[in-house]
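A.B. asks: Sequence first, predicted model second:
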Amino acid sequence: MQVLLASTSPARLMLLRQAGIEPLLHSPGVDEDAAVASLESELGRTLSPAEHVQVLASLKAAAVAERIDDLAPGFDGIVIGGDSMFELDGTVYGKPHEAAVARERWHLMRGRTGVLHSGHSVLRVEGGAVQGQADAVAEASVSFVDDMTDAELDAYIASGEPLQVAGAFTLDSLGGPFIERIEGEPSTVIGMSLSTLRRLAAQLGVAWPTLWNR
């Protein structure tokens with residue numbers, strides 16, 4: 001049973017590898033902002049954080065599954081799509097991209113608790129076609145230390161790490177020491193909830209141990 005990760009996220013790849021899975025990797029190539037804007041225009045409202053991450057996770061998995069014959073001829077297994085966003089005080093934060101934005105985020109987050117929303121979409125693909133789909137959103141609360149100094153923040157931002165991750169922080173790397181408490185499955189905060197993926201795979205008739213290939 002094969003696994004194809006519709007993502008170029010190093011964190012999601014690391015999680016699967018630690019769980020005994022060496023997946024195929026392909027970028028979904030989804031214009032996330034355009035996709036969300038289009039759906040919100042159609043619905044006439046703003047998507048909730050859970051809706052936002054689930055929509056994008058599903059679009060990513062579907063985009064790769066549509067090209068499965070070209071990307072991985074003869075593929076028989078599951079395609080995984082994921083997306084994450086951080087919510088604080090009702091405001092949703094994606095990747096900051098710029099140092100000034102990351103610094104502003106951390107000034108808001110120090111000593112506070114927010115929620116990391118992680119969307120998951122698992123497609124069962126066989127014979128070049130999608131045979132089934134299972135989706136779910138997992139959430140975990142993240143509490144940050146209240147004594148992070150400006151010097152520590154400057155050094156963290158200078159590392160470049162927080163610029164390309166949802167919420168401007170990581171749990172599994174340089175940002176870990178600035179996180180005081182997690183409520184929920186830790187892997188949710190890193191990139192994907194492994195227990196959620198296992199449950200979704202089971203819904204599609206795929207036993208998790210059959211995915212182990214490392």
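C.D. replies: Sure thing, it's come through.
A.B. asks: what about the helices in the chain?
C.D. replies: With DSSP state H, the ranges of helices along the chain come out as 10-18, 32-43, 49-65, 68-71, 99-109, 150-158, 186-190, 194-203.
A.B. asks: What pairs with the longest strand anywhere in the chain, parallel or antiparallel?
C.D. replies: Using DSSP state E to define each element, the chain has its longest strand at strand 129-144. Sheet pairing of strand 129-144 (DSSP bridges) gives strand 113-126 (antiparallel), strand 179-183 (antiparallel).
A.B. asks: okay, those, which one's buried deepest?
C.D. replies: strand 113-126 (a mean of 24; mean count of other C-beta atoms under 10 Å). Just so you know, the C-beta spots here come from the backbone N, C-alpha and C atoms, and that holds for glycine as well.
A.B. asks: what angle sits between that strand and helix 194-203?
C.D. replies: Strand 113-126 and helix 194-203 are oriented at 30 degrees to each other (axes from the mean of the first three to the mean of the last three C-alpha atoms, to 10 degrees).
A.B. asks: which one in the chain is furthest away from the centre?
C.D. replies: Distance to the chain centre peaks in the chain at Ala151, reaching 29.1 Å (criterion: C-alpha atoms, centre = their mean).
A.B. asks: What are the neighbouring residues in contact with that residue?
C.D. replies: The contact partners of Ala151, taken as C-beta atoms under 8 Å, 6 or more residues apart in numbering, number zero.
A.B. asks: Check it and give its pLDDT.
C.D. replies: Turning to Ala151, the model gives it a pLDDT of 97.
A.B. asks: Check the gap between it and Trp212 for me.
C.D. replies: 44 Å (C-beta to C-beta, to the nearest Å).
A.B. asks: which residues touch the lowest-mean-pLDDT helix or strand in the chain?
C.D. replies: Lowest mean confidence among the helices and strands of the chain (mean pLDDT, DSSP states H and E): strand 91-93, at a mean of 87. Identification of contacts with strand 91-93 by C-beta under 8 Å, 6+ apart yields Pro49, His52, Met85, Phe86, Glu87, Arg105, His117, Ala166, Gly167, Ala168.
A.B. asks: swap in stretch 164-176?
C.D. replies: Stretch 164-176 is contacted from outside by 11, 14, 84-86, 93-97, 101-102, 105-106, 109, 114, 116, 142, 144, 156, 159, 161-162, 178-179, 182, 186, 189-190, using C-beta under 8 Å, 6+ apart.
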